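> what follows is a predicted structure for the sequence shown.
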Amino acid sequence: MAIKTFEEYVESLRKLKPTVYMFGEKIENPVDHPRIRKGINATGATYELANDERFRSLLTTTSPLIGERVNRFTLPPQSIEDLVMRVKVNRLLGGHVGTCHQRCTGLDCLCTLSIVTFDIDKKYGTHYHDRFLDFLKYMQKNDLTANASVTDVKGDRSLAPHEQPDQDVYLRVVDQTQEGIIVRGAKVHQTGSLSSHEIIVLPTRALGKGDEDFALAFAIPSDTKGLIHVVGRNSLDTREIEGVDCGNARYSKYCPTLIFNEVLVPWERVFMFREVEFAAEMVSRFSAFHRQSHGGCKSGKIDAMTGAALLMMEYNGTAKVSHHKEKVIDMIHIAETLYGCSLAASYEGKQEPSGTYFIDPILANASKIHEGREMTEAMRLLVDIAGGFVADLPSDRDFGHPEVGPLLKKYLK
């Protein structure tokens, strides 16, 4: 089975038994919890659209590794076309779900490992790349989603990892056995960890002499013993989680903290171990790939916002108002600039010794810088066009109330 359906994806998550806490309670069934399920639905869109005839050629391709049709989110780019398709797929999904689909970072990890494991082997004669290829085959044959576990809690950021009073603020190896390595630490802002089958760990920063215990890259199942998902706050999590009051009625995101409490990682899943000088390459490759992904994803999200703005203009009778038209043009300009930078980064990509294609990192960073400055501007323009009801529209329950509902529908039709 190289391509799962949406239903098969959800059922595959049900078979996992992760340890999950949220708001002081242990969650036994995260798949059906409404706050988590909408994030799963967002990732599920990558499976749903891969089986839709309209988008199948965009989201799937043939893997040279297993010789089967696979989801593009399991394939490190083997050509310039693959780099370009990454951007186009992310734009499609960003517009479709209107939020984060949570699958691009896992692919960014796969892309990074496909390059750096080869480079480490070339210097040291290790066998990380073969291990990685075995893992990649497993990912592709089972159409799995991976989470990118990169960001450590960091502690005192003026100190190197080995200088920290509590060294566990950076994930590290604390022991090793014949079976594998034992790690301890935490990763934060882990978007969609419960929507994922696998957790891929990379270093969060460049490392130096004395930081060898922190120079790790590996992958483990998301329900591994000792791995704890703590689902935290979102910016709007006090809103209703059902119906249209939540904002996005079907899709959402969530970002747990992952605690690695004496987790055993089998040797066959270890892709870097103490090769401290390669941590910087891991970080820079991952960051560049992820910034390329963002240009597609965020331009798609702005597409959805632009559609909402046009709908509000039609609703309010302001479709011909010139300054509203100018705001829509500005939103389109922001989206196309992000998209254009990421496409340019793709077209200027080059093949690495491992065979994987790497984007132009300068152009990828240009996309990210523009996004950081202009994404909030696109949101501001949407709010200007939509008006005050973005903030204080009466609840969906009030519209359905037998007494006040008809009055609201009269005045707000």
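Arrived safely.

> can you check which helix is longest in the chain?
Using DSSP state H, we find that the single longest helix of the chain is helix 279-316.

> show me what that one is packed against.
Using 3 or more Cβ pairs under 8 Å, 6 or more residues apart in numbering; DSSP states H and E, the elements in contact with helix 279-316 are helix 80-97, helix 104-124, helix 322-347, strand 357-358, helix 361-386. Using the backbone N, CA and C atoms, a C-beta is placed for each residue, glycine as well.

> return the set of buried residues in that helix.
279, 281-283, 285-306, 309-310, 312-313 (16 or more other Cβ atoms under 10 Å).

> same question for stretch 65-85.
Neighbour-count burial for stretch 65-85 [16+ other Cβ under 10 Å]: 65-66, 70-78, 80, 82-85.

> which one of those residues is nearest to residue 203?
residue 76 (18.8 Å; Cβ to Cβ).

> pretty sure the closest one sits against residue 106.
No. Applying Cβ atoms under 8 Å, one finds residue 76 not in contact with residue 106, separated by 11.3 Å.

> tell me the pLDDT of residue 250.
Residue 250 carries a pLDDT value of 84.

> wait, it sits on residue 40?
No. Counting by Cβ under 8 Å, residue 250 does not reach residue 40; the two are 10.8 Å apart.

> neighbour count winner among these two?
A direct count of neighbours by other Cβ atoms under 10 Å for residue 250 and residue 40 places residue 40 higher, at 25 against 14.

> mind checking pLDDT for that one?
Per-residue confidence (pLDDT) for residue 40: 96.

> neighbours of residue 408, how many?
Residue 408 has 16 nearby residues by other Cβ under 10 Å.

> please apply the same query to residue 100.
So residue 100, with other Cβ under 10 Å, has 23 neighbours.

> now swap in the one 10 residues further on and tell me
Burial of residue 110 is recorded as 26 neighbouring residues (other Cβ under 10 Å).

> quick one: pLDDT of it?
The model's pLDDT for residue 110 equals 98.

> nearest spatial neighbour of it, chain-adjacent residues omitted?
Leaving aside its sequence neighbours, residue 110 sits nearest to residue 76 (Cβ to Cβ, 6 or more residues apart in numbering; 5.3 Å).

> would you say the one you found is within a helix?
No. Judged by DSSP: H, G, I helix; E, B strand; the rest coil, residue 76 forms no part of a helix; its state is coil.

> got a pLDDT number for it?
You'll see residue 76 listed with a pLDDT of 98.

> residues contacting it?
107, 110, 111, 114, 136, 356 (Cβ atoms under 8 Å, 6 or more residues apart in numbering).

> residues touching the third one, list them.
Contacts of residue 111 were listed using Cβ under 8 Å, 6+ apart, and they are 76, 77, 285, 289, 356, 358.

> what's the answer for the fifth one, then?
Under the criterion of Cβ under 8 Å, 6+ apart, the neighbours of residue 136 are 65, 74, 76, 110, 114.

> who touches the fourth one in this structure?
Spelled out, that is residue 110. By Cβ under 8 Å, 6+ apart, residue 110 lies in contact with 74, 75, 76, 136, 139, 146, 200.

> among the residues you listed, which two are most distant?
Farthest pair in those, by Cβ to Cβ: 75 and 200, 14.9 Å.

> so who does residue 288 touch?
Contacts for residue 288 (Cβ under 8 Å, 6+ apart) come out as 345, 358, 359, 361, 364, 365.

> make TSV out of those and add neighbour count, pLDDT and distance to residue 26.
What follows is those, written out as TSV (neighbours: other Cβ atoms under 10 Å; pLDDT from 0 to 100; distance: Cβ to Cβ, whole Å):
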residue	neighbour count	pLDDT	distance to residue 26
345	27	98	43
358	23	98	42
359	29	98	42
361	18	97	42
364	27	96	40
365	16	94	41
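
> tabulate these (TSV), appending distance to residue 162.
Formatted as TSV, these follow (distance: Cβ to Cβ, whole Å):
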residue	distance to residue 162
345	35
358	30
359	32
361	28
364	31
365	29
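
> identify the farthest-apart pair in the residues you listed.
358 and 365 (13.4 Å).

> where in the chain is pLDDT low?
1, 235-243 (pLDDT under 70).

> most centrally placed residue in it?
residue 102 (3.3 Å; Cα atoms, centre = their mean).

> in contact with the residue lying closest to that one once chain neighbours are set aside: list those residues for me.
Take residue 102 and drop its neighbours on the chain: the residue closest to it by Cβ to Cβ, 6+ apart is residue 192, 3.1 Å away. Going by Cβ under 8 Å, 6+ apart, residue 192 touches 39, 42, 43, 100, 102, 103, 145, 147, 253, 254, 255.
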